[in-house]
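Enquirer: Return atomic coordinates for the entry below.
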Amino acid sequence: MTDSSAAAPEAENGFLKRLIFWEFSRGSWQYDVVVAIILLFIFLTPRGWFHDQPKESSVVLLPPLHGSNRVFIAPELLEHVPEQLRIARAEALVHKRTGKTWRVARVEPIRDDTQQEIKGFIAYTPPAS
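Expert: This next block holds a predicted model:
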């Protein structure tokens, strides 16, 4: 006579192992159930659970102009920095984003059409010699 209580945990472990290693043959009902569970998880899980909402980049390298590198910097990063400290702060932001130690020659604000609101900043490096 076999002990059914010992066989039950062994069967559960076998099923769990097959589930983890995806050992179901394609087209079987078990395979279809696992695929359905995965799809339900993908489409029904709220995005906020993973905290992976896309964020716009706040420091963006722009194409060079007349040998000078240009970097766009989001307004919130430099807006409240005093004007005399903006170049140093811009250099630190560029270094943090790119790993490059470019010297920033000037920082210019980008304003909206009414010249009221700052939309960002452009940091310029001196032309390469």
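
Enquirer: Distance-wise, check the residue lying closest to residue 74 once chain neighbours are set aside relative to residue 96.
Expert: Distances taken as C-beta to C-beta, 6 or more residues apart in numbering place residue 58 nearest to residue 74, at 3.9 Å, with adjacent residues excluded. C-beta here means a position set from N, CA and C on the backbone, and glycine is covered the same way. Distance, residue 58 to residue 96, by C-beta to C-beta, to the nearest Å: 10 Å.

Enquirer: Show me which of these two is the more surrounded one.
Expert: Shown here are residue 58 and residue 96; by other C-beta atoms under 10 Å, residue 58 has more neighbours (14 against 9).

Enquirer: Skip ahead from the worst-scoring helix or strand of the chain on mean pLDDT and say which helix or strand is next.
Expert: Within the chain, no helix or strand scores below helix 4-20, which has a mean of 69 by mean pLDDT, DSSP states H and E. On the C-terminal side of helix 4-20, the closest following helix or strand by DSSP states H and E is helix 29-44.

Enquirer: helix or strand right after that next one?
Expert: Later in the chain than helix 29-44, the nearest helix or strand by DSSP H and E is strand 59-65.

Enquirer: Direction included, what does that following strand pair up with?
Expert: strand 68-73 (antiparallel) (DSSP bridges).

Enquirer: Check which residues of the strand it pairs with are buried.
Expert: 69-73 (16 or more other C-beta atoms under 10 Å).

Enquirer: next one: stretch 84-95
Expert: 86-87, 89-91, 93-94.

Enquirer: do the same with stretch 23-32
Expert: With burial defined by 16+ other C-beta under 10 Å, the residues of stretch 23-32 counted as buried are residue 24.

Enquirer: next one: stretch 117-129
Expert: Neighbour-count burial for stretch 117-129 [16+ other C-beta under 10 Å]: 120-125.

Enquirer: got the residues you listed as a markdown table, with pLDDT, distance to residue 77 and secondary structure columns?
Expert: Formatted as a markdown table, those follow (pLDDT from 0 to 100; distance: C-beta to C-beta, whole Å; DSSP: H, G, I helix; E, B strand; the rest coil):
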| residue | pLDDT | distance to residue 77 | secondary structure |
| --- | --- | --- | --- |
| 120 | 92 | 9 | strand |
| 121 | 94 | 8 | strand |
| 122 | 93 | 13 | strand |
| 123 | 93 | 10 | strand |
| 124 | 92 | 16 | strand |
| 125 | 87 | 17 | coil |
